[in-house]
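> for reference, the sequence and a predicted model appear below.
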Amino acid sequence: MKFILTGLLFVSLASVAKEKKHREHAAHSHGHAELSIAFDSLLGQVEFKSPAESIVGFEHKATSEKDLQKLATARMDFETNISKYIQFDSTLGCTFEKKSIEMVTGAGDDLHADFVARFDVTCAKPLNGSTIVFDFTSVKKLKDVDATILAGELQLKTEIRKKKTTLEIKN
Ligand SMILES: [Zn+2]
């Protein structure tokens, strides 16, 4: 009896995992990225996640010299341009520090890899009352970026389309 129960449990867990993967798969839509910015006082964390196709140009595992070069260039470009993509008010004196920029491939036959970039941000002054300008216009394959910003008590959301978008950090 115990064996049967364990078996059933395994089957149902497996189907839950499969469903979850399907949902994530559906969420991965080329041209659509997510950005989250979370600040605790003067220290912030930025996470940008996009289908790799929209940033790197492909989603298979990079093995050839050409693909590795493309990936390296994409990572470097992203790091170089992060302060253009996300422009904090210059009077705040914010600086970005790269934590990681990687291409995350799915498990098994899932070839839909994501491009995930994480940065730490340190500002000299608090964000409240300032504005952030988002500009992803140079990333041609990106259609929109859903951004969530947490700064202390503030929770803001904005959708960044193919133009400069200004967000005021206030209620
Ligand atoms: Zn994909």
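In hand now; what should we look at?
> what comes up buried for the one helix or strand residue 72 maps to?
Here residue 72, judged by DSSP states H and E, is contained in helix 65-85. Using 16 or more other C-beta atoms under 10 Å as the test for burial, helix 65-85 gives 67, 71, 74-75, 78, 82, 85. The C-beta positions use only the backbone N, C-alpha and C, and glycine is treated the same way.
> tell me the helix or strand right after that helix.
Counting by DSSP H and E, what follows helix 65-85 is strand 86-88.
> show me what that following strand is packed up against.
Other elements packing on strand 86-88 under the criterion 3 or more C-beta pairs under 8 Å, 6 or more residues apart in numbering; DSSP states H and E are strand 131-134.
> show me what stretch 28-38 is in contact with.
Applying C-beta atoms under 8 Å, 6 or more residues apart in numbering, the external contacts of stretch 28-38 come out as 44-51, 53-54, 86, 112, 114, 121, 132, 134, 136, 141-151, 160.
> now for residue 75: which residues touch it?
101-102.
> let's see it at 10 Å
Shown in contact with residue 75 (C-beta atoms under 10 Å, 6 or more residues apart in numbering): 55-56, 98, 100-103, 115, 117.
> next one: residue 40
Shown in contact with residue 40 (C-beta under 10 Å, 6+ apart): 150-152.
> buried ones among those?
Neighbour-count burial (16+ other C-beta under 10 Å) applied to the contacts of residue 40 gives residue 151.
> closest one of the contacts of residue 40 to the ion?
Distance to the ion, by C-beta to the ion, is smallest for residue 150 among the contacts of residue 40, at 27.7 Å.
> figure out the helix or strand that that closest one lives in.
strand 144-151.
> over to residue 120?
Going by DSSP H and E, residue 120 is in strand 114-122.
> still on that earlier bit, tabulate the contacts of residue 40 (a markdown table), appending distance to the ion.
Shown next, in a markdown table, are the contacts of residue 40 (distance: C-beta to the ion, whole Å):
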| residue | distance to the ion |
| --- | --- |
| 150 | 28 |
| 151 | 31 |
| 152 | 35 |
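> that older thread, tell me the one of the contacts of residue 75 nearest residue 62?
residue 103 (6.9 Å; C-beta to C-beta).
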